[in-house]
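**Q** next come a sequence and a model predicted from it.
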Amino acid sequence: MSTENTITCKAAISVGDGKFTIETIKVKSKPEKDEVLVKIKASGLCHTDHDSLTWGMPIILGHEGAGIVEAVGSEVTNVKVGDEVILNWATPCYTCFQCQEGNQHICETNSPVIANHAGKLPGGHVAIEGTTWNGEPIERSFNIGTLSEYSLVRASACVKKTSKKLSFESASIVCCGVMTGCGSVFNSAKVTMGSSVVVLGTGGVGLNVIQAARISGAAKIIAIDINENRLKLAQEFGATDVILADREDKGLMQASEKVKAMTGGRGADFSFECTAVPALGAAPLAMIRNAGTAVQVSGIEEEITIDMRLFEWDKIYINPLYGAARPEMDFPKLEALFDKGELMLDEMITRTYPLENLQQAFDDMLAGKNAKGVIVF
């Protein structure tokens, strides 16, 4: 429902105590000069959304989304009313040092992740105004808050959807899980043709690492997980070999011996950690050969102990954010791969839910039932 200056709609809100409710909010219907009003059609779910329940602040949940542009500010040129868009949670300013260096995903002005490391709240330190709940302003998760019927965002959070085949459901997952997994392979590690790759953890991000490695021409892709059903799914996305790990295998050292046996005794060329388990932060180092590349994809942010002998010799360990995404360039590339039938997106969505069933969607995600769950509006 809309009035002259606001739209009244439903959204999932957490007050930071670990729980959420579906509430009525009001969103400004006339964007400021650099803002865009988006009618959300679908919102993907990932573990970060569940983590945000405990951020200790009122927040509109959700950071993966796609929808239709309803209104634009006077200076917006990248999209127009009626455009179908994919939202991007790491909104660049294009003028700070990192943006000028080409690192738009770690923008010093707008990135909520960088803000958090500066001692700010995870919602970001340059919040979009114009959304209220019970008459008070409320922030949106990563400044997009996609678990909401409408979202007011910066223009730089919008990337025009180019594929006619791509549904809103599949488009919604591009902006985090798909971009993070694929970007870690394409942009960060730069996996080479004929190489060997190990993927630790075959959830949504891990599956995207697997299929990006396949698209890159990796000859051997070894998936490791404790869930046998997920390993079967990993094979559908491109894994050539699987290892069912033992929960008691500390640091996956036993699994690493199996990897070495599969790779001529020396270890893989590339290894990607996608489990988000702090105890496995160093595990990708155990999987690679001398001078190989280990990638910590899942964003572990805890103190861990690492045996420095795992670095021997000349091993590279990188910790990229968001697959080093430049969304205006990368999203269309991912859509093109989808159109060619190389990037599997529809197959990744296990189940869709209405907003009212968000708790069930969270429960299914935490139970490992879904590759990806998506809320549809």
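**A** On my side now, so go ahead.
**Q** which helix or strand in the chain has the lowest average pLDDT?
**A** Within the chain, no helix or strand scores below helix 112-117, which has a mean of 54 by mean pLDDT, DSSP states H and E.
**Q** next SSE downstream of that one?
**A** strand 131-133 (DSSP states H and E).
**Q** what about that following strand, distance to the chain center?
**A** Put simply, strand 131-133 sits 26 Å off its chain's centre (CA atoms, centre = their mean, to the nearest Å).
**Q** helix or strand: which one has the nearest residue to residue 216 once chain neighbours are set aside?
**A** In space, and not counting its chain neighbours, residue 216 is closest to residue 191: 4.3 Å by CB to CB, 6 or more residues apart in numbering. To be clear about C-beta, it is placed using only N, CA and C from the backbone, and glycine gets the same treatment. Per DSSP H and E: residue 191 is located in neither a helix nor a strand.
**Q** residues contacting residue 191?
**A** The contact partners of residue 191, taken as CB atoms under 8 Å, 6 or more residues apart in numbering, are 185, 197, 212-213, 216, 218, 269-270.
**Q** which two in those residues are spaced the farthest apart?
**A** 212 and 269 (14.5 Å; CB to CB).
**Q** more crowded one of the two?
**A** Under the neighbour definition other CB atoms under 10 Å, residue 212 and residue 269 were set side by side, and residue 212 has more, 31 against 22.
**Q** next, give phi and psi for the more buried one.
**A** phi -70, psi -40 (degrees, to the nearest 10).
**Q** how much space between it and residue 272?
**A** The spacing between residue 212 and residue 272, counted by CB to CB, to the nearest Å, is 10 Å.
**Q** same check on residue 366?
**A** 22 Å.
**Q** those two: which has the busier surroundings?
**A** residue 272 (31 against 11).
**Q** give the contact list for the nearest residue to residue 293 once chain neighbours are set aside.
**A** Take residue 293 and drop its neighbours on the chain: the residue closest to it by CB to CB, 6+ apart is residue 316, 4.6 Å away. Shown in contact with residue 316 (CB under 8 Å, 6+ apart): 291-294.
**Q** what's the answer for residue 279, then?
**A** When contacts are counted by CB under 8 Å, 6+ apart, residue 279 touches 250-251, 304.
**Q** from the residues you listed, which single one is nearest residue 50?
**A** residue 304 (21.6 Å).
**Q** report pLDDT for the residue nearest to the closest one when sequence neighbours are not counted.
**A** Closest residue to residue 304 apart from its sequence neighbours, by CB to CB, 6+ apart: residue 281 at 4.6 Å. You'll see residue 281 listed with a pLDDT of 93.
**Q** ranges for the helices of the stretch 1-150 of the chain?
**A** 47-51, 97-100, 112-117 (DSSP state H, counting those that start in this stretch).
**Q** list the contacts of stretch 101-111.
**A** Stretch 101-111 is contacted by residues 90-99, 113-114, 124, 126, 143, 154, 156, 321-327 when judged by CB under 8 Å, 6+ apart.
**Q** what is the end-to-end distance of that stretch?
**A** Stretch 101-111 has an end-to-end distance of 15 Å (CA to CA, to the nearest Å).
**Q** next, the buried residues of that stretch.
**A** For stretch 101-111, the neighbour count (16 or more other CB atoms under 10 Å) marks 103-111 as buried.
**Q** point to the residue nearest the middle of the protein.
**A** Closest residue to the average C-alpha location of the chain: residue 176 at 2.3 Å, with CA atoms, centre = their mean.
**Q** can you confirm that one is in a strand?
**A** No: in this structure, residue 176 is helix, not part of a strand, as judged by DSSP: H, G, I helix; E, B strand; the rest coil.
**Q** contacts only, for it.
**A** 44, 46, 48, 63-64, 89, 322.
**Q** and which of those residues is nearest residue 230?
**A** For the contacts of residue 176, the nearest to residue 230 is residue 46 (15.3 Å; CB to CB).
**Q** please report the distance of the closest one from residue 348.
**A** Residue 46 sits 12 Å away from residue 348, going by CB to CB.
**Q** joint contacts of these two?
**A** 204, 372.
**Q** out of the contacts of residue 176, who's the most crowded?
**A** residue 64 (32 neighbours).
**Q** so who does that one touch?
**A** By CB under 8 Å, 6+ apart, the contact list for residue 64 reads 43-46, 87, 89, 146, 172-173, 175-177.
**Q** how about a cut-off of 7 Å?
**A** 43-44, 46, 146, 172-173, 175-176 (CB atoms under 7 Å, 6 or more residues apart in numbering).
**Q** go on, residue 195?
**A** 218-219, 269-270.
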